[in-house]
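In: With the sequence up front, the predicted model follows.
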Amino acid sequence: MPTGLLTLADSQAVERMCVAWARFRECQRKIGQLTMFSRDSTGQLAMSPLVRIQSLAAKEMHLAGDALGLSPVARARISAPENVGNDPLTLLLDGQVYRPAVPRKSRAN
């Protein structure tokens, strides 16, 4: 994502993406350790609740990604100079830059 494209107003969507991503990965880890199936109260095999939670996390990542313009279609519409540094969030997002906006000073002062 081009430098300066995201602002402080995008911070909630970034947080939603990060939380959903962490939840998705944790479910994947637990499903790998356990199983995708469990027994319900009647003893029948049922899909593990982890699979449902993981699915909801994937949907939240998709929604947050749309809000942040992370779909291929949205990226094709973005044109700005790319300037990627050693910012930890940049590295976490695989070269995608997040720079919060600096609040403007009030003219009333």
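Out: That came through, no problem.

In: Which elements pack onto the helix or strand where Leu63 lies?
Out: Taking DSSP states H and E as the criterion, Leu63 maps to helix 49-67. Helices and strands touching helix 49-67, by 3 or more C-beta pairs under 8 Å, 6 or more residues apart in numbering; DSSP states H and E, are helix 11-33. For every residue, glycine as well, the C-beta is placed using N, CA and C.

In: picking up where we left off before, what does the helix holding Leu63 rub up against?
Out: 10, 13-14, 16-17, 19-21, 23-24, 27-28, 30-31, 34, 36, 38, 71, 74 (C-beta atoms under 8 Å, 6 or more residues apart in numbering).

In: got the CA coordinates for it in PDB?
Out: What follows is helix 49-67, C-alpha atoms only, in PDB (Å, rounded to 0.1, in the frame of the first residue of the first chain):
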ATOM      1  CA  PRO A  49     -16.700 -25.000  17.100                       C
ATOM      2  CA  LEU A  50     -13.100 -23.900  16.100                       C
ATOM      3  CA  VAL A  51     -14.000 -24.300  12.400                       C
ATOM      4  CA  ARG A  52     -17.000 -21.900  12.800                       C
ATOM      5  CA  ILE A  53     -14.900 -19.400  14.700                       C
ATOM      6  CA  GLN A  54     -12.200 -19.600  12.100                       C
ATOM      7  CA  SER A  55     -14.800 -19.100   9.300                       C
ATOM      8  CA  LEU A  56     -16.100 -16.000  11.100                       C
ATOM      9  CA  ALA A  57     -12.600 -14.700  11.500                       C
ATOM     10  CA  ALA A  58     -11.900 -15.200   7.700                       C
ATOM     11  CA  LYS A  59     -15.100 -13.200   6.900                       C
ATOM     12  CA  GLU A  60     -14.000 -10.400   9.300                       C
ATOM     13  CA  MET A  61     -10.600 -10.300   7.600                       C
ATOM     14  CA  HIS A  62     -12.300 -10.000   4.200                       C
ATOM     15  CA  LEU A  63     -14.600  -7.200   5.400                       C
ATOM     16  CA  ALA A  64     -11.700  -5.300   7.100                       C
ATOM     17  CA  GLY A  65      -9.600  -5.800   3.900                       C
ATOM     18  CA  ASP A  66     -12.300  -4.400   1.800                       C
ATOM     19  CA  ALA A  67     -12.500  -1.400   4.100                       C
END
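
In: If anything else comes up later, I'll come back, but that's it for now.
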